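Peer 1: A predicted structure for the sequence below; I have some questions about it.
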Amino acid sequence: MNTVNQPTFREINAKSIFSSKTFWGAALTALAAIAPIVGDAVKKHELSVEHTVNIVIILATTGATVAGRVQAESPVFTPDGLPGPNKSDFETSNS
């Protein structure tokens, strides 16, 4: 294939990452997984290494899920300053 036939960011309609069901599913799943860990830590009055490792694993896998969504076939944009394409990368210019 040549570059003439390839779509550019400006030719593709994209939606905000915050409109993605995958993003919210990953975020809420992470929250549901972390809440009991934090509850246990509060109950014991200490945040153990095991608690911390479990939270880090949950956050890493959630990050991988969100990164996969950003790279998926139907594109999404992320807010300015966050990794991933910005909304302006998808807007067409009127010039």
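Peer 2: Cool, got the structure. Numbers count the residues shown, from 1 in each chain.
Peer 1: for the spatially most central residue of the chain, helix, strand, or coil?
Peer 2: Central residue of the chain (Cα atoms, centre = their mean): residue 66, 2.9 Å from the mean position. At residue 66, secondary structure determined by DSSP: H, G, I helix; E, B strand; the rest coil is helix.
Peer 1: tell me who's in contact with it.
Peer 2: 17, 22, 23, 26, 27 (Cβ atoms under 8 Å, 6 or more residues apart in numbering). The way it works is simple: take the backbone N, C-alpha and C, and place the C-beta from them, glycine included.
Peer 1: so residue 40 versus residue 34, what's the distance?
Peer 2: Plainly put, residue 40 is 11 Å away from residue 34 if you go by Cβ to Cβ, to the nearest Å.
Peer 1: all strands for this protein, in order.
Peer 2: 15-16, 76-77 (DSSP state E).
Peer 1: tell me which residues are up against the first one.
Peer 2: To tie it back to what came earlier, the one meant is strand 15-16. So strand 15-16 is contacted by 74, 75, 76, 77, 87 (Cβ under 8 Å, 6+ apart).
Peer 1: model confidence at the first one, what's the number?
Peer 2: The model reports residue 74 with a pLDDT of 76.
Peer 1: and it, what does it touch?
Peer 2: Neighbours of residue 74 in contact, by Cβ under 8 Å, 6+ apart: 14, 15.
Peer 1: show me which residues of stretch 44-55 are buried.
Peer 2: 51, 54, 55 (16 or more other Cβ atoms under 10 Å).
Peer 1: okay then, goodbye and thanks.
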